[in-house]
Each structure stands twice: as structure tokens, then as C-alpha cells.
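**Q** With the sequence up front, the predicted model follows.
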Amino acid sequence: MTLAGQHEGEQADYRPLAEINVMPLVDVMLVLLIIFMVAAPLMVVGVRVDLPQTSAARISQPRQPVIVTLTRAGGIHLREEPVPQAALAGRLAALKEEVGDAVVYVRADRSIDYGRVLSVLGEVGQAGFAKVSLIAEAQSPPPAR
């Protein structure tokens, strides 16, 4: 008895191939990748619409940053104008009402006492500003030898 399609004398050791050929899959994926790379910048434009006009005011330009500076002589400056230590809390509270939730940048001379810097930081926090950043200069790299 012979199997269909098998000649007499051939051995019946036929085993099906159990490997998956991934080359066609890789070819298709590369073609799709190229199509999406070319098409993606074209889709950024978005849907064209005719927007209505309004009489509302334009959004204002970014405001001047809030910077508190402690000078070497011990003076305090709010933005560019000098402020006495006793009036700093009141001025910061008024500025908080004006600018809302802005970031306050604190600059201090390196010779200023650490406790004094913390005192000013405390007043900034008491005025209601939650975002405070300290400003420092970037250290220059050592000269090449």
C-alpha cells in the first residue's frame, strides 16, 4: 500500500515544515513604516475650519517675572525696586493678587547669611506663592591643559 503521490520505494519519512518564514512579514512592516514616516508630517496640519470672530481681548503677553534679590549690602529688591524688609510681605501679597500663581525667583549674593535667605523664602511662601526657584550661576568648566 502506498500513500497518494508517493512512489513505491520511497520512504514514508515526510515531516511537515514547522518553521515560520518571517521575511514577508519584515518586508511588509518596512513598507508600512516608510508609508507612515512620509504620511505623518502631512497629517499634522489638521482639519481645516472657518473659525468665528470674537470681540474678546487677546491673551496678554507673558508678564514680567517675579524676582526677589538679596544684595551683598543686605538690601532686598522686588523685581528692580528696593523694598524694606518690613514691607516685603505686604508687597509680595499685593503682587500675588496681581500676577496670580506665578513662579518667584530668588537671587542672593553668595556672601549673604543662609538664615537671611531662608527668612525671605519664608515670606515668599507666606505671601501665597507655592512655586519658588533659587537662581545660581552655572559653574564654568576648568580650563583645558
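**A** The structure has been received and is ready for your questions.
**Q** immediately after the helix or strand harbouring residue 118, which helix or strand?
**A** In the assignment (DSSP states H and E), residue 118 maps to helix 114-126. Using DSSP H and E, the next helix or strand after helix 114-126 towards the C-terminus is strand 131-134.
**Q** And that next one, what does it pack against?
**A** On a contact count with 3 or more CB pairs under 8 Å, 6 or more residues apart in numbering; DSSP states H and E, strand 131-134 meets strand 103-108, helix 114-126. For glycine as for every other residue, the C-beta is placed from the backbone atoms N, C-alpha and C.
**Q** For residue 32, find the nearest of those.
**A** Nearest to residue 32 among the helices and strands packed on strand 131-134 is strand 103-108 (44.6 Å), distances taken as CB to CB.
**Q** Need the residues that contact that closest one.
**A** 65-70, 92, 116-117, 120-121, 124, 129, 131-135 (CB atoms under 8 Å, 6 or more residues apart in numbering).
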